[in-house]
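# Predicted structure and sequence below. I'll ask about it afterward.
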Amino acid sequence: MARLPIAIRPKDIPPLATEPHPHPSPLQQLVGHTVSKTDYDAVCVPLANALWQDRWERLCLRPVGMEDEDDNGSMQDRASDVDRDADLFRREPSLFRHECNITRLEESQSVIALASDWLELDSPDEGIRFDSELGLRAEMQHALYLSLPVLVVPAPNLANRDFLPSYARVISNLLQMGGSSAYTQVSIRIPVSDPLEIIGQGPAPTNGHGERHHRRSLSLSSRPSSMHQHQMSIGQLSAITGGGNDPNGSAPASRVVSQASSNVPQRTVTHSAIQGDPSSTWEMWDCIRSLCGYHPRLSVMLDLSNPLPPSQGAIARWAAEPVKRIWLPAGSFIPNAKGYPVLSKATQAFIRGLSKHQPTFVLSGTSDARHPSGGQNAYLQYLRHITSQAGASAYISPQGPAEIAGGYGDYLQAPLQPLADDLGSATYDVFESDPVKYHQYEEAVFQCVMDEERQPPDGEPFVIVVAGAGRGPLVAATLRALDRAERDARLYAVEKNAAAFTTLQERKALEWGDAVEILFGDMRTLHVPELADILVSELLGSFGDNELSPECIDGATRFLKPGAVSIPTSYTAHLAPIASSKLHHDVTSRSANAAEIPYVVMMQQANILSGETPGMSGRCGERIQHCWQWEHPRWDLMLDEAGLPLTNSHNTRSTTCTFHIPHASPCHGFAGYFEAHLYGNVGLSIHPDTIARVSPDLFSWFPIFFPLKSPLYLPSGAELEVNIWRLTDQKSKKVWYEWSAEAYLPTVPQFGGTPSGSMHMGMRYGSGHTNPTSPTESHYSARPPLRDGQELGRVKIGQTELHNSGGKHYSIGL
Ligand SMILES: C[S@@+](CC[C@H](N)C(=O)[O-])C[C@H]1O[C@@H](n2cnc3c(N)ncnc32)[C@H](O)[C@@H]1O
């Protein structure tokens, strides 16, 4: 595992430079020292300091109660002076040098800059929202000027969910600044959970004392003035659950919301966390990145100040998101038996799972002596220890060691077409680097030639054809199997790639001699000197049939003896809906038609969305569902005079899979897998649930990805119906896939059972059999009690286009 970067958030921020360039500034010295003399890789500091906050508040807010004193003339004069300054600020919002912590280009390397956490882009007060936007734009302008790698923006406030689109709009606009050459990323700091999800308490308590009351400056005369009072933020809530809310540690400390202003909508705040929704903070992120169009410079800083939500499914969704940074305050560590800071088992596993994102960790509050043993360095050493143990893929990829798959993570590749195209020697070399596949074939051939029922009559040797021999590894595996079984065979190796055939010639000349007869040509038309008992082939694609194994084996069946066997004897295709911001972005940034093409990809930053349960309606299948099956050889086909099938229509397939979606998420497409039965008890699998049992460590195939042009949003408890077709056209000699999906929410009819009286069956309306304060998967799967004769219905909530209609954008040449 590569060493993951760790940054420190120092308690004290160095002062500004007192000597001119090129003398290093105090911040430069701190960064230089940290990077060269400690085991940290970066320093995390707020971009601006308290003087900036003071100016912004002086210009944009006014203490509550001031209007009562407005009959005093001098007070009014002061107010109009402030208004003038405020308008000047709004005309060209920018930071002064003394308001900044970072001022030089030379300071910007190895620095993670935090935007001011007192800005309220989602304040219920319109004026505060707009002035916060101006403040943040001033900070972004400064960050862009200094080419800072990232500006971390504080999380939106769950209690202000109604204004989340306003927050997201500001972020989207921020990402337009600096034009296409802009370099600075924007990272949204999102808490991994809301503490109320964990403790399941009632409405958030309000902060009854110590808050500063403000009202907006009167200068925005087109907008009514307003009064503000603090309300408890996510960060403050984290303190009550032990998540820690210290100046170094946690989410923003102050939020002001207006209560009196007429520009503040008098809506009831639906605080989803209060109702124990484990999706709440993730949904904030989902809304922001969707409104920002999956911008490539937008990422997540996942804030682990609060405990993880209890639901595995809710946590796993972060695997599909661009989590580039992880905020780990000292308060998120627990003391072990000796008093050293450690992380809970669940947090360790979560962090290991996210390691494939190569995140930068930010440790804060390490000098606060929160833990009795180990001192400040204990946090760093411990984090180094657990991240160095992080393995490869965690959530989805069936592929083996990261070293082998290295560099392929989330890399979109066009599926191979070994029938239409001739493969290069380097590609065969990659195939041959996976010993598992050849071991499985050797074992399958061994079991086949040992099988009593397969023995040729009168002690005759077997006739075996290896069809699609490539550079010969299956021929070698077959020879090893015959040797072990002490069986004789006449062995033929068929290959249509003329260049690969030269390697077969070489191997025959130097290794195999008379033991192997090599034949050049297409197995569908080539003359084979005698009928075979066993046909060995490996023409499998990631979805089983996508390299046209069915068509090729059909064509080779004409040189098999009646009752002969094919290795593989059968194979199946499987599908699951996935979310992956990365894959979605990579596909949609290619071309307009790029989402109409399947890809082969080692999925890393991806998450399977479906659950194992049948859902509330009982209609849903497994997490990963079987699409279709192929069995070989087929003896039931109508053949032409050459012994070939009259049509290829028997090789069309279609299926509808219905998936239960336990946790809200956009669906970005579908992951496809195959399982193959070779012979006896030997198989191959890239299905995530069976690979370890069937063919552990197999890495020859990555899953196939059928993308969606636009994400299909699926709320908690949704049912996703996926249609996929394998189609073929004799005239144009091609095979292709088409796919589409529909989303539904289950409903239960209310008394009387009319459709209009139906009620959605999302988690909030769960059965009442589950504990609403500890959401788990069962929350979503419990079926509500139905009255006699009542049936669950469903309402349709979304639909995709039909992808790759008529094979217009992607097809496989026959
Ligand atoms: C996936 S590769 C497998 C190569 C080799 N058996 C191995 O396992 O490394 C499939 C091979 O089948 C060959 N092939 C595909 N269709 C064929 C056909 N109709 N007739 C003969 N060879 C074919 C390709 O050229 C390629 O060498």
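The structure has been received and is ready for your questions.
# Gly375 and the ligand, how far apart?
From Gly375 over to the ligand the distance is 56 Å, taken as C-beta to the nearest ligand atom, to the nearest Å. In short, each C-beta sits where N, CA and C put it, glycine included.
# what's around that residue, how many residues?
Neighbour count of Gly375, defined by other C-beta atoms under 10 Å: 13.
# so it sits in a strand?
No. Residue assignment for Gly375, taken from DSSP: H, G, I helix; E, B strand; the rest coil, gives coil, which places it outside any strand.
# Just the pLDDT for it.
In the predicted model, Gly375 carries a pLDDT score of 92.
# what do you get for Gln417?
For Gln417, the model assigns a pLDDT of 94.
# doesn't Tyr810 make contact with it?
No. Counting by C-beta atoms under 8 Å, Gln417 stays clear of Tyr810, with 10.5 Å between them.
# More neighbours: these two, which one.
When neighbours are counted by other C-beta under 10 Å, Gln417 and Tyr810 differ, and Tyr810 comes out ahead with 18 against 15.
# List the buried residues of the helix or strand hosting Cys552.
Assessed by DSSP states H and E, Cys552 sits inside helix 549-556. By neighbour count, and taking 16 or more other C-beta atoms under 10 Å as the criterion, the buried residues in helix 549-556 are 549-556.
# Next: stretch 76-95.
Burial within stretch 76-95, assessed by neighbour count using 16+ other C-beta under 10 Å, is assigned to 79, 82-83, 86, 89, 93, 95.
# Stretch 336-344 now?
340-343.
# where's Pro715 relative to Val795, distance?
In this structure, Pro715 and Val795 are separated by 11 Å, where distance is defined by C-beta to C-beta, to the nearest Å.
# and what of Val186?
As judged by C-beta to C-beta, Val186 and Val795 stand 36 Å apart.
# okay, now Glu596: neighbour count?
By the other C-beta under 10 Å criterion, the neighbourhood of Glu596 contains 23 residues.
# Against the ligand, how distant is it?
Taking C-beta to the nearest ligand atom as the criterion, Glu596 is separated from the ligand by 25 Å.
# Which helix or strand contains the nearest residue to that residue once chain neighbours are set aside?
The shortest distance from Glu596 to any residue other than its chain neighbours is 3.8 Å, reached at His809 (C-beta to C-beta, 6 or more residues apart in numbering). Mapping His809 onto the secondary structure by DSSP H and E places it in no helix or strand at all.
# pretty sure His809 is touching Ile597, no?
Yes. The criterion here is C-beta under 8 Å, and His809 meets it with Ile597 at 5.7 Å.
# Just the pLDDT for the residue most central in space within the chain.
In the chain, the C-alpha nearest the mean C-alpha coordinate belongs to Ala320, at 1.2 Å (C-alpha atoms, centre = their mean). Here the pLDDT value assigned to Ala320 is 92.
# Quick check: phi and psi on it?
phi -90, psi 0 (degrees, to the nearest 10).
# these two touch, right, it and Ala606?
Yes. Contact status for Ala320 versus Ala606: in contact at 5.4 Å, counting by C-beta under 8 Å.
# so how far is Ile597 from Asp729?
As defined by C-beta to C-beta, Asp729 lies at a distance of 18 Å from Ile597.
# Who has more neighbours out of the two?
Here Asp729 and Ile597 are set side by side on neighbour count (other C-beta under 10 Å), and the busier one is Ile597, at 21 against 16.
# Find the nearest non-adjacent residue to that one, please.
With sequence-adjacent residues excluded and distances taken as C-beta to C-beta, 6+ apart, Ile597 is closest to Tyr810, at 4.3 Å.
# This completes my enquiry, with thanks.
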